[in-house]
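Student: Please work out how this folds:
(4 chains)
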Protein chains: 2
Amino acid sequence: MTPSQAAFKALADPTRRDILMLLRDQDLSIAQVSENFDMTRAAVKKHLMILSDGGLVTTTTHGRERVNTLNPNGIQPILDWLSYFDGFWDDRLAALKFAIEKDKQ
Amino acid sequence: MTPSQAAFKALADPTRRDILMLLRDQDLSIAQVSENFDMTRAAVKKHLMILSDGGLVTTTTHGRERVNTLNPNGIQPILDWLSYFDGFWDDRLAALKFAIEKDKQ
DNA sequence: TTGACATGATACCTTTCGGTTTCATAAATG
DNA sequence: CATTTATGAAACCGAAAGGTATCATGTCAA
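Tutor: You can find the predicted model right below:
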């Protein structure tokens, strides 16, 4: 699966997008992420795996805990694909890319 | 289904993203879109329906032809969602500073 | 060491997805 | 009118998605 396909697939599920918004504010263990959803920890873990496959989340092991972190570069394949429509979806896309680049500095 | 969910879902399939790139350059009927893919017209029509549901493509009837057009506003829900991560770095930096201050106590 | 805790992993189930086939309908064309 | 052409619509199929339950494993802490 290409990077952009994995990323688009990861973003297609509303639960996964909600997870990303949680991780925007703070790194969380699998159990901590699970607390925010009405489903089993195993289901949340699957979502986190798909987010990881899509490059949107990175994971580091701390003892018996597994901490999930938002990967700021993971959105890049999405933006790259969207940029093909510069002529169409032009100004707003350019503004968003500019804002993100600015944040990285 | 929310607008952003419909749009993200529409973008999740590689065939549908390819259709969008075709429509970037020119409006096409269902049959014309189908010529570019190794699948039946019925399958392509389903994809076009999902793209329409996601607001990414609009359709106008011309006689017995149905012309599909890229909707320049359709990408807006996607960009709106992505913009939640604009301040990602700033927020994380603030959280780090807060954690350091807390440790000092 | 023993028990509790956080995660890994697998089998299983139901629904959705992406595709086909088939038939019906509406419009252009001779 | 008859025929071709473009599309609509429905039933059907295999695979993948999203979820559960269950059990195994590794780690912290008393």
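Student: now the helices for chain A?
Tutor: A:3-11, A:14-25, A:30-34, A:41-53, A:76-82, A:90-104 (DSSP state H).
Student: I'd like to know which of the ones you listed is closest to DNA strand D.
Tutor: helix A:41-53 (3.5 Å; CB to the nearest atom of the strand). Yep, even glycine has a C-beta here, placed from its N, CA and C like the rest.
Student: May I have that closest one as CSV, with CA atoms only?
Tutor: The C-alpha atoms that make up helix A:41-53 are tabulated as CSV, following Å, rounded to 0.1, in the frame of the first residue of the first chain:
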residue,chain,number,x,y,z
ARG,A,41,-9.3,-1.6,24.3
ALA,A,42,-8.7,-4.2,21.6
ALA,A,43,-10.7,-2.2,19.1
VAL,A,44,-8.9,1.0,19.9
LYS,A,45,-5.6,-0.8,19.6
LYS,A,46,-6.6,-1.9,16.1
HIS,A,47,-7.3,1.7,15.2
LEU,A,48,-4.0,2.9,16.6
MET,A,49,-2.3,0.2,14.5
ILE,A,50,-3.9,1.5,11.3
LEU,A,51,-3.0,5.1,12.3
SER,A,52,0.6,3.9,12.7
ASP,A,53,0.5,2.1,9.4
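Student: Please list the outside residues in contact with it.
Tutor: With CB atoms under 8 Å, 6 or more residues apart in numbering or on different chains as the test, helix A:41-53 has contacts from A:1, A:6, A:9-10, A:13, A:15-16, A:19-20, A:30-31, A:33-34, A:37, A:57-59, A:68.
Student: which residues touch the residue lying closest to A:S4 once chain neighbours are set aside?
Tutor: Leaving aside its sequence neighbours, A:S4 sits nearest to A:P77 (CB to CB, 6 or more residues apart in numbering or on different chains; 4.1 Å). The contact partners of A:P77, by CB under 8 Å, 6+ apart, come to A:P3, A:S4, A:A7, A:G55.
Student: Looking at those, state which has the most neighbours.
Tutor: Neighbour counts for the contacts of A:P77, by other CB atoms under 10 Å in any protein chain shown, peak at A:A7, which reaches 25 neighbours.
Student: Please give me every residue in contact with that residue.
Tutor: Taking CB under 8 Å, 6+ apart as the test, what A:A7 contacts is A:G54, A:G55, A:L56, A:G74, A:I75, A:P77, A:I78.
Student: Burial check on the third one, number of neighbours?
Tutor: Read that as A:L56. A:L56: 26 neighbours (other CB under 10 Å).
Student: got a list of what the residue nearest to it when sequence neighbours are not counted touches?
Tutor: Using CB to CB, 6+ apart and skipping the chain neighbours, the partner closest in space to A:L56 is A:G74 (3.7 Å). Listed by CB under 8 Å, 6+ apart, the contact set of A:G74 reads A:A7, A:G54, A:G55, A:L56, A:V57.
Student: got those residues as CSV, with pLDDT columns?
Tutor: Formatted as CSV, the contacts of A:G74 follow (pLDDT from 0 to 100):
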residue, pLDDT
A:A7, 98
A:G54, 97
A:G55, 97
A:L56, 97
A:V57, 98
